[in-house]
Each structure stands twice: as structure tokens, then as C-alpha cells.
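Visitor: generate coordinates for the sequence data below:
(one chain, ligands or ions: 1)
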Amino acid sequence: MPFYRSPRLISAFDAKFEAQKIAFAPVSFQVARCLLKFDLLQIISDSGVKGCSTTDLATKSKLSEYAVGVLIDMGLSMGLLYLNDGLYVLDKIGHFLLHDDMAKTNLNFTHDVCYQGLFELEASLLEGKPKGLTSLGDWQTIYPGLSQLPNDIKKSWFEFDHYYSDHAFDSLLPLIFKENPKHIVDVGGNTGKWALACTDYNSLVKVTIMDLPGQLDVAMENVRIAGVETRVEAYSTDLLDESNPFCENGDLYWMSQFLDCFSETEILSILKRTVSVMHQNSELCILETFWDRQPFEAGAFCVNATSLYFTAIANGNSRMYHSKTLLKLISQAGLFVDEDIDSIGLGHTLLRCKLKP
Ligand SMILES: C[S@@+](CC[C@H](N)C(=O)[O-])C[C@H]1O[C@@H](n2cnc3c(N)ncnc32)[C@H](O)[C@@H]1O
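Guide: Numbers count the residues shown, from 1 in each chain. Okay, the predicted model is just below:
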């Protein structure tokens, strides 16, 4: 991680401008969203380097000239557009806002899941509770509510979650099946995507998905549709309740984008309970996005920003961790890291853990 290790090379004049960008960041965010929502960036893109007038844009969109005007003038200030002889042309940042899947996924997640709740960040930090979660529903954490979220919000949450893990699956499957596990326990298996990827990759493996009941209903419906109900089982549990039993007899325990949903104390408890059911040859594979292991600054920015979703909306006490934090907890739980592989998918790290001798 070469970035974050030295002061930024920036003039005071430019730094002052950066500070104004932060002061108006929610305005920029909503303008970007509306430029996309009302197809203005698409219409401007379609007009190529010739560009578009405000009148053209008002005619081709549902908006008044006034509405188009305030949006595209701010678009200029945000570097999304430039002016060519008084006509608006798409610039490079606008191009990526329009076409980059990751920007779209992050933007929809931020708007639908986080935006209103983030107003309660201050209170969430003080109380250690997700005070912004009330903007979505009445639960202690977001997880029991996931399957009950309104459809557009649910879609943005799942697209965000899946976007990052899906990109990692292809390169992970050969690594995971290297030691030929017969029974995989997918802890926090969500909608069953990983379980189905495993049963598709290997014709003999059995998978148990441990998760909350709401997620398991969706997962098992997907399992039925895929026709692998004889090989995939549901194990309904709340892992925050230490008195609940833990699925035994796994050759490989799998935790993907899962431990970041818990505080350090909760992680240690979950890891210790996993250790208590592992046999000498089983392994625990942890897939996480650590901010210190990102190859690019853009990745570290996205990962650190995601932490605040956990603070204000998801649970109030978890985050995207520094790798050293998790490595310490893994060791305290009685495990050692046998393999530590970075740069999987979009900045994931795989930690392959075994019982200490
Ligand atoms: C961020 S999702 C990760 C999903 C999936 N493993 C992936 O890589 O895309 C976290 C999962 O952990 C589950 N989870 C969160 N809190 C839980 C709890 N207390 N008990 C059981 N599962 C829980 C959630 O329901 C969700 O399916």
C-alpha cells in the first residue's frame, strides 16, 4: 500500500478547493444521481463531441429547462461535462459515471440503503448503535430485515453485496477444491450463490448454509430452482446467540464477506465456536476486503467508505477491518494462517486457516 504513507502533494489553493468539494459532497452526489436518473448523461453522450444545448436536453428529457440547467451546470463544476461552443459535452469522469458498473452499484447502494441513514452517523458513533437503520425498518441490525426490505432497496443491497463476491468466485473455486472437501459449511451463505457455485463446480460436494431464517428461505428457493436440494442443506441460526449450536463435520468452513458484519468481540466468539467444531484436517477459509491490502487507492477509498454503512445502518459496531486486526483474532481463536492470498477478484484476500497443532 504505497498510498497513505506521505502527505499529499497538493498546493494550498487546490487543497482548499478539495475541502469545498467535501463541504458540498451530498449536493454533488444527488446531482450525479439525477443526471443519470433523468438520462441526461446518456443524451449528452449520444450527442458526441458536438454536444447538447439546454433546450435540446429539456426536449429529450422529462425536465424543464430550469431543472436541466441547474443539473448540468453543476455537472460542469464536478468535471463530468465540459463546454464546447456553449454546448455540453461528456467528459471522462462523466463517461465512467455513466458506464462503470462499480460506480453504478456503489451509487445505487449509497442512495437507496445509506443516504438517509447516514444523517444519523453522529448519533451512531456516540451510541455504538445503527441509529440510521430506522430509515429502513425496525430491527436491531439490518440482517433480520434484509428479506423484508422494499424491492428497490433490497435490489441495491444485494447488487452491492454480490458485485464484490461474484467477481472473486471464478478464481476461488479451484483454490477451495484443491484439498477436495466433501462437506463445505458456508457461514453467512446469504442467497446461496456460493453454495450453488460449489455444487456446480464439483458433482459430489455437499454444502450446508448457515444463516438467519429470512436469508435461508431465499437461498433454499434458489437451491430448489437449481435442482440440488439433495446436496445443499439449510442450518438456521443466529450467530450472535452464543448458546446456539454450530454446524459440525465440515471439511471446509467458508466465511465470505461475513466477519466484517461483526465487532471484534463477536468475531472472536464466532471463530472460537468454529474452532470447537473443526476436526484436525478441516480448514476455515475467510474471504475479506481489507483496506490495507487494496492494490489501488480507489479500492481503499471504497472499502473505508463501506465501514460507515456498518456504523450508521447495518449494526453500529463492525467495519471493514485492517488485516492485522483479523489476523490477531484468528490466532487468539486457536488457528494459524496456512495461506494468505491477496488480489482475488476486486481486492479480496483469502486467509486459509487451520487448527494450531
Ligand atoms: C454481507 S453478507 C455476505 C454474503 C455472502 N457470504 C457473500 O459473500 O456475498 C453477510 C451474511 O451474514 C449473515 N448474517 C449476519 N448476521 C448474522 C447472524 N447474526 N447470524 C447468522 N447470519 C448472519 C447475513 O444474513 C448475510 O447473509
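Visitor: interface residues of the stretch 1-150 of the chain facing the ligand?
Guide: Within the stretch 1-150 of the chain, the positions near the ligand by C-beta under 6 Å from any ligand atom are 143, 146. C-betas here are computed from N, CA, C, even on glycine.
Visitor: need the helices for the stretch 1-150 of the chain, in chain order.
Guide: Taking DSSP state H, counting those that start in this stretch, the helices of the stretch 1-150 of the chain run over residues 12-23, 25-37, 40-46, 54-60, 65-77, 92-99, 101-109, 121-127.
Visitor: give me the residue from the stretch 251-357 of the chain nearest the ligand.
Guide: Closest approach between the stretch 251-357 of the chain and the ligand, counting by C-beta to the nearest ligand atom: Ser256, at 3.4 Å.
Visitor: can you get me a residue count around that residue?
Guide: Ser256 has 24 neighbours, counted by other C-beta atoms under 10 Å.
Visitor: so it bridges to which residues?
Guide: With DSSP bridges as the criterion, Ser256 is bridged to Leu287.
Visitor: Provide a list of residues in contact with it.
Guide: 165, 168, 186, 188, 194, 286-287 (C-beta atoms under 8 Å, 6 or more residues apart in numbering).
Visitor: where does the residue lying closest to Leu133 once chain neighbours are set aside land in three-state SS?
Guide: What sits nearest to Leu133 in space, not counting adjacent residues and going by C-beta to C-beta, 6 or more residues apart in numbering, is Ile313, at 5.4 Å. Under DSSP: H, G, I helix; E, B strand; the rest coil, Ile313 falls in the helix class.
Visitor: tell me the spacing between Ile313 and Asp112.
Guide: Separation of Ile313 from Asp112 (C-beta to C-beta, to the nearest Å): 11 Å.
Visitor: between these two, which one's more packed in?
Guide: Just comparing Ile313 and Asp112: by other C-beta under 10 Å the higher neighbour count belongs to Ile313, 27 against 20.
Visitor: and that one, how far is that from Ala300?
Guide: From Ile313 over to Ala300 (counting by C-beta to C-beta), the distance is 21 Å.
Visitor: what's the neighbour count on His322?
Guide: 13.
Visitor: can you name every helix or strand that whichever helix in the chain runs longest contacts?
Guide: If each helix of the chain is counted by residues according to DSSP state H, the longest one is helix 151-176. When contacts are defined as 3 or more C-beta pairs under 8 Å, 6 or more residues apart in numbering; DSSP states H and E, helix 151-176 sits against helix 101-109, helix 193-201, strand 252-256, strand 283-288, strand 335-344, strand 348-355.
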